[in-house]
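> Give me the fold of what follows.
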Amino acid sequence: TAGGAILAVDCGDALILNGISIEGGTLDNAGLIEIADDSSLSDIDLNNTAVGSILQVNDGQTLMLDGVIINGGTINNSSGAGGGTIDVTGHSTITGDANLNSGHVEIGSGVTLTLDNVTVTGTTFDATAAGALLAVSWGKTLVLNGAIINGGTLENNGDIYASYGTQISATFINGYSGWFHGAGTIDGNVANDGTIRASGGLLEIMGGVTGVGTFAISESSYLAFGSSVSSSTSVQFLGSTGTLWLNDPLNFSGGIYGLAGSKELGLAGFEFGSTTLTAGISTSFSTVLTVEDAYHAITVTLYGDYTGSTFSHLDHQGGILIVEAPVSSFFQERSFFTIVTTEASDDLTGTSSSDIFVFDSAIIGHDTIMNFQSGADVLQFDASVFQSVEAIWAAAHSDDDGNTVIALGEHDSIKLIGTQLQLADIQLIQPSS
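Residues are numbered from 1 along each chain as shown. Okay, here's the model as predicted:
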């Protein structure tokens, strides 16, 4: 504990802590520090920067941190199925391109754990104590690979990159300089004054959204809001394709930029058959689109020049998808290759690009489709013949050979060879007039 005191672990050596408390000074680790029984570090700088240096918390054991800065290295918070626990009882920081793997992190009441330039893989954060805070500083980066954050607050003023499987069940504050990129689920309320960008798959925002920031949707990505969105929020499509899905469209007050071409706006709960779309007075700046069905009516503000635009809708997963184009043009713009079936039993083969398999008759026969690419190809059915997407989906099942079979009647079926169908692969459109 004396000023300038240093405890060093050399390369190839190990320091095993069995119920030990170390307070003050500097701990230089070039080897292995193993927490074999509950131990604590207080007011220490832990330099874990040597190549191959590891801090390991064994399965079922706890390392308490109070006023600790961990700089670099690998933190393996597990040596077994259950994992170890890091209990942060006083403000602490992990930084220096450190890697935190597995196990649990608990953050005490009123305590902040700052994660600057850290990659987190498979760790569960239990930040349920009042005032518990996870923080990312300006100019710093946090990478979340399948991490889980339960409770507390995550405050970001830097850059967070999240992969699919990451779950943030916490209040998320994204500051003016904050950027969030990626996929996963944010279950808590979101105060966004920076930029949150869906990229690399599905990003779900299930809590209410406030703030003056921007949400962005990258190429082929999917952003879903599960609750209310304030009028000061904007959503912008960045790529040539992408989907914005509103689970609570009656409480969406934000503005939307770039809904054009192959981009989609999804509204949960709207009935496909009775929905009408009415574009208000369009200027070079904005258009107000009114969407009504037998039970709901909303307006959506679309920013951009929509003079002369045509809006259409498709049946989709318990709601509708709105596109800025006639439905036929929408599929053409997505560069699909169209394959029209007949009333006979057809053997069909998809191309290497995206395909639409069109079923526009009540008589299908027993069709077989080879090379159907789930997520890229589409089964398109005529709404005057088939009742709903859900009815078609309910008729689908997997057989013993790994195929998907859609049994539409005694004399009509569709078999997708070697493919597991997804609900999003099914589209229902109104017949052309």
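> Verify the stated contact: residue 321 with residue 314.
Yes: distance between residue 321 and residue 314: 4.6 Å, which falls inside the contact criterion (CB atoms under 8 Å). C-beta: built from backbone N, CA, C; applies to glycine.
> Which neighbours do the two have in common?
Residues touching both residue 321 and residue 314 (CB atoms under 8 Å, 6 or more residues apart in numbering): none.
> Would you confirm that residue 276 contacts residue 289?
No: contact between residue 276 and residue 289 fails when scored by CB under 8 Å: they sit 10.8 Å apart.
> Looking at those two, which has the bigger crowd around it?
Taking other CB atoms under 10 Å, residue 276 and residue 289 do not tie; residue 289 has more neighbours (22 against 10).
> quick one: which helix or strand includes that one?
strand 286-292 (DSSP states H and E).
> Direction included, what does that strand pair up with?
Using DSSP bridges, strand 286-292 pairs in its sheet with strand 276-279 (antiparallel), strand 297-303 (antiparallel).
> Give me the residues contacting the next helix or strand after the last one.
Taking DSSP H and E as the definition, the helix or strand that follows strand 297-303 towards the C-terminus is strand 312-316. Applying CB under 8 Å, 6+ apart, the external contacts of strand 312-316 come out as 266, 272, 275, 277, 320-323, 325-327, 330, 383, 388-389, 424, 427-429.
> do the same with stretch 338-350
For stretch 338-350, contacts defined as CB under 8 Å, 6+ apart pick out 331, 355-361, 363-373, 377.
> Mind listing what's buried along it?
Going by neighbour count (16 or more other CB atoms under 10 Å), the buried part of stretch 338-350 is 339, 341, 346, 348, 350.
> What is the nearest of those residues to residue 16?
Using CB to CB, residue 350 is the member of the buried residues of stretch 338-350 that lies nearest residue 16, at 58.7 Å.
> just to revisit the earlier point, restricted to strands, list the buried residues of stretch 338-350.
339, 348 (DSSP state E).
> and the buried residues of stretch 338-350 as JSON lines, adding pLDDT and distance to residue 187?
Output for the buried residues of stretch 338-350, formatted as JSON lines (pLDDT from 0 to 100; distance: CB to CB, whole Å):
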{"residue": "339", "pLDDT": "83", "distance to residue 187": "41"}
{"residue": "341", "pLDDT": "82", "distance to residue 187": "42"}
{"residue": "346", "pLDDT": "85", "distance to residue 187": "45"}
{"residue": "348", "pLDDT": "88", "distance to residue 187": "42"}
{"residue": "350", "pLDDT": "85", "distance to residue 187": "37"}
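> Please identify the deepest-packed of the strands paired with strand 286-292.
Among the strands paired with strand 286-292, strand 297-303 has the highest mean neighbour count (mean count of other CB atoms under 10 Å), at a mean of 17.
> ok now it, how far from the chain's centre?
Centroid separation between strand 297-303 and its chain, computed with CA atoms, centre = their mean, to the nearest Å, is 24 Å.
> cool, stretch 391-399 as well?
Distance, centroid of stretch 391-399 to centroid of chain: 27 Å (CA atoms, centre = their mean).
> same question for that stretch, mean pLDDT?
For stretch 391-399, the mean per-residue pLDDT is 86.
> now do stretch 247-264
Confidence for stretch 247-264, expressed as mean pLDDT, is 92.
> packing partners for the longest strand along the chain?
Assignment by DSSP E gives strand 195-205 as the longest strand of the chain. The helices and strands touching strand 195-205, judged by 3 or more CB pairs under 8 Å, 6 or more residues apart in numbering; DSSP states H and E, are strand 179-186, strand 214-217, strand 222-225.
> Throw these into TSV and include mean neighbour count, distance to residue 132 and mean pLDDT, thanks.
As requested, the helices and strands packed on strand 195-205 are exported to TSV (neighbours: other CB atoms under 10 Å; distance: least, CB to CB, whole Å; pLDDT from 0 to 100):
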stretch	mean neighbour count	distance to residue 132	mean pLDDT
strand 179-186	22	17	94
strand 214-217	22	26	96
strand 222-225	22	26	94
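> would you list the ones you listed in a markdown table and tack on distance to residue 48?
Shown next, in a markdown table, are the helices and strands packed on strand 195-205 (distance: least, CB to CB, whole Å):
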| stretch | distance to residue 48 |
| --- | --- |
| strand 179-186 | 26 |
| strand 214-217 | 35 |
| strand 222-225 | 37 |
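> hmm, back to that, would you list the buried residues of stretch 338-350 in JSON lines and tack on distance to residue 132?
As requested, these are arranged in JSON lines below (distance: CB to CB, whole Å):
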{"residue": "339", "distance to residue 132": "55"}
{"residue": "341", "distance to residue 132": "57"}
{"residue": "346", "distance to residue 132": "60"}
{"residue": "348", "distance to residue 132": "56"}
{"residue": "350", "distance to residue 132": "51"}
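> Any regions of this protein where pLDDT drops low?
1-4, 79-82, 127-128, 326-336, 430-433 (pLDDT under 70).
> which residue ranges form the helices in it?
327-333, 389-394 (DSSP state H).
> re the thing from before, between strand 179-186 and the longest strand of the chain, find me the angle.
Computed with axes from the mean of the first three to the mean of the last three CA atoms, to 10 degrees, the direction of strand 195-205 lies at 10 degrees from that of strand 179-186.
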